[in-house]
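Q: next input, structure requested:
(2 chains)
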Amino acid sequence: MDTSQTAIPARGLKSIFLNLKRYSFLLKELVSRDFKVKYKRSVLGVLWSLLYPVLMMAVMAIIFSQFFKFHTENVDYLVYLQVGLVMFNYYTEASNLSMSSVVANFSLINKVYIPKYIFPLSKCLFVGINFLLTLIPLTAVIVFTGTPITWNYLWLPFAFVCLFFFTVGMGFLLSTIAIFFRDMFYIYGIVTTLWMYLTPIMYDLSSVTANHPVIGQILRINPLYQFLTFARLCIQGPTNEMTFTNLLGQTVVCPAGVSMCPPPTAFLWCFLWAIGAFLFGALVFRKNQDKFIYYV
Amino acid sequence: MSTDTVMVRVDHVSMRFNLGIEKNFSFKQALIDLLSPSKRKAKKEKKDFWALSDVTFDVHKGEVVGLIGANGAGKSTMLKNVAGVMKPTRGAVNAFGTVCPMIELGAGFDPDLTAKENVYLNGAVMGYSKEFLEGRFNEIMDFAELWDFIDVPVKNFSSGMVARLAFSIATLVDPEILIVDEILSVGDIAFQKKSEEKMLSMIRGGTTVLFVSHSLAQIEKLCDRVVWLDHGKVVDIGDPKDLCKRYTEFMGQK
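A: Down below sits the predicted model:
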């Protein structure tokens, strides 16, 4: 008897990778569907991916640096703002789309067996490609402001990959919660707004730490702060002189405003947040995925 | 007719739905539950509904098995279990071979995409590869007779056109197990005839079919065996002619 089962796949780590291979074409189609639908009927089309972050940055730069007199010491404010915006927007857009992805694709899930994690994953990849496009205007801002481009930029992909895995994990978690508890869509909207203000996108955390040391320490736990700071250290260096111990036990002093390789603790925090969120989200998703169909 | 190879094994399958699910998470209900915890459990158990209870049958290679029963008897739930979309509460469903589910045709279409783009998207959903779809694209459009609408968004299609496109994609390969839920009535009369012929040719080609229809004429014509479900339980399994006759009498009494 032929015992190969295609309709009801076996579980386990090995089957996850087999599935991923088998459904890679579907993943690609879902991502390209999102792209086609996003820019259909817009005159500028994919150009919006490039224009949008620059315009957003311009608006925020005008409001925060001109009206509120926000500034960063020793580093260029425009670059500082743009790095923060591009990364934070990736997180909010991808996590929001992931959250509604399973509910939105109910008609498919109810018809044919597809591994359900493919929906949040496809959204994170779709926004990820958009994110890569926004690196073009970011580079333009870096060049325009005269920020030097150094070898330390090679550490940037580490921050981006960590941000991606963190977002996928949150996408798994949020989409699971949203299925059982639709109020999550509204609650998460409030949470992201709060999160945006608690993340130093348009201000420098050291200005908070100076007046409120405890609050400053608490805000440092924020994973998005970790990812943003990592990227900013690579590009424009610390806002104030930074002293840390490297892996060889030597004390390193980094002058303010000079591009650097982030300290080992920054690597560790980014890595832990990424892998932690990813594993936790995947576990919660997996444990509940068979129940999804009764709730959507 | 049937050889010894079992293609689908449905083994003591029971399926429970909680009809109260919608209300379980509301704030109001949570408050009421909080105030009267004793009532909570009793209420929950009352809402349990068994869509299938202890259903057992095998489908052999090359066999066409029909499922009949009144609305809500559990036919579609049974098909979804075989398709792997749902998992049974108790028991097990095993499908030994590639399964092609033809349930709710066109459900996977994106209304904003064109016919061509949807062929690739829906083909990917069905598990076909890109090369395969490229090679067979002309065949799909020929069968659907939609060449004139290839670059038109599907949202502008009539429901018959959507069904034709979906049927053409779904029947592109000869799957080992075909699951059909009330779809032989898609499109106009000409396309109905064409789709029925396509089904017949698949059946002659040795495809195992699990088939739900309210048209007893179709069941008698196509099926080798019939499973009669009523309120989630198997009433009888046997010869189509005999069961269809008894089923008609049973429904007449109601």
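Q: where do the helices sit along chain A?
A: A:13-22, A:24-39, A:47-61, A:77-104, A:106-109, A:118-144, A:156-180, A:184-198, A:205-211, A:213-219, A:223-235, A:264-288, A:292-295 (DSSP state H).
Q: tell me the phi and psi of the closest residue to residue A:255 other than its chain neighbours?
A: If you skip the residues right next to it in sequence, residue A:255 has residue A:241 as its closest partner in space, 5.8 Å away by CB to CB, 6 or more residues apart in numbering or on different chains. The C-beta positions use only the backbone N, C-alpha and C, and glycine is treated the same way. Backbone torsions for residue A:241, taken as degrees, to the nearest 10, come to phi -50, psi 140.
Q: list the contacts for residue A:241?
A: The neighbours of residue A:241, taking CB atoms under 8 Å, 6 or more residues apart in numbering or on different chains as the test, are A:253-256.
Q: using TSV, please lay out the helices of chain A together with distance to chain B and mean neighbour count.
A: Conversion of those to TSV gives the following (distance: least, CB to the nearest CB, whole Å; neighbours: other CB atoms under 10 Å in any protein chain shown):
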stretch	distance to chain B	mean neighbour count
helix A:13-22	7	12
helix A:24-39	4	18
helix A:47-61	17	16
helix A:77-104	11	22
helix A:106-109	4	18
helix A:118-144	10	19
helix A:156-180	7	23
helix A:184-198	11	14
helix A:205-211	36	15
helix A:213-219	30	12
helix A:223-235	28	24
helix A:264-288	13	17
helix A:292-295	6	17
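Q: so which of the ones you listed is nearest residue B:148?
A: Relative to residue B:148, the nearest member of those by CB to CB is helix A:24-39, separated by 21.1 Å.
Q: got the angle between that closest one and helix A:47-61?
A: In this structure, helix A:24-39 runs at an angle of 60 degrees to helix A:47-61, with axes from the mean of the first three to the mean of the last three CA atoms, to 10 degrees as the basis.
Q: now do helix A:24-39 and helix A:118-144, the angle between them.
A: Using the same axes, to 10 degrees, helix A:24-39 lies at 60 degrees relative to helix A:118-144.
Q: list the contacts of helix A:24-39.
A: Applying CB under 8 Å, 6+ apart, the set of residues contacting helix A:24-39 is A:20, A:45-46, A:48, A:114, A:118-119, A:121-123, A:125-126, A:129, B:110, B:112-113, B:117, B:120-121, B:124-125, B:127-130.
Q: mind listing the helices for chain B?
A: Under the criterion DSSP H, chain B contains helices at B:27-35, B:37-47, B:75-83, B:115-125, B:130-144, B:159-170, B:189-204, B:216-222, B:240-253.
Q: what comes up buried for the fifth one?
A: Just to be clear, that refers to helix B:130-144. Buried residues in helix B:130-144, defined by neighbour count with 16 or more other CB atoms under 10 Å in any protein chain shown: B:133, B:136-137, B:140-141, B:143-144.
Q: what would those look like in TSV with pLDDT and distance to chain A?
A: Rendered in TSV, the data for those read as follows (pLDDT from 0 to 100; distance: CB to the nearest CB, whole Å):
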residue	pLDDT	distance to chain A
B:133	90	9
B:136	90	14
B:137	92	14
B:140	91	15
B:141	92	18
B:143	89	20
B:144	88	19
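Q: dump these to JSON lines, plus distance to residue B:168.
A: Output for those, formatted as JSON lines (distance: CB to CB, whole Å):
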{"residue": "B:133", "distance to residue B:168": "12"}
{"residue": "B:136", "distance to residue B:168": "10"}
{"residue": "B:137", "distance to residue B:168": "11"}
{"residue": "B:140", "distance to residue B:168": "5"}
{"residue": "B:141", "distance to residue B:168": "8"}
{"residue": "B:143", "distance to residue B:168": "4"}
{"residue": "B:144", "distance to residue B:168": "4"}
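Q: could you list the low-pLDDT ranges of the chain?
A: Chain wasn't specified; assuming chain A. A:1-16 (pLDDT under 70).
Q: um, chain B though
A: B:1-3, B:19-30, B:33, B:36-47, B:183-186, B:254.
Q: centre of it to the edge, which residue is at the far end?
A: Relative to the average C-alpha location in chain B, and by CA atoms, centre = their mean, no residue lies farther out than residue B:35, which sits at 43.1 Å.
Q: measure that one to residue A:181 for me?
A: 21 Å (CB to CB, to the nearest Å).
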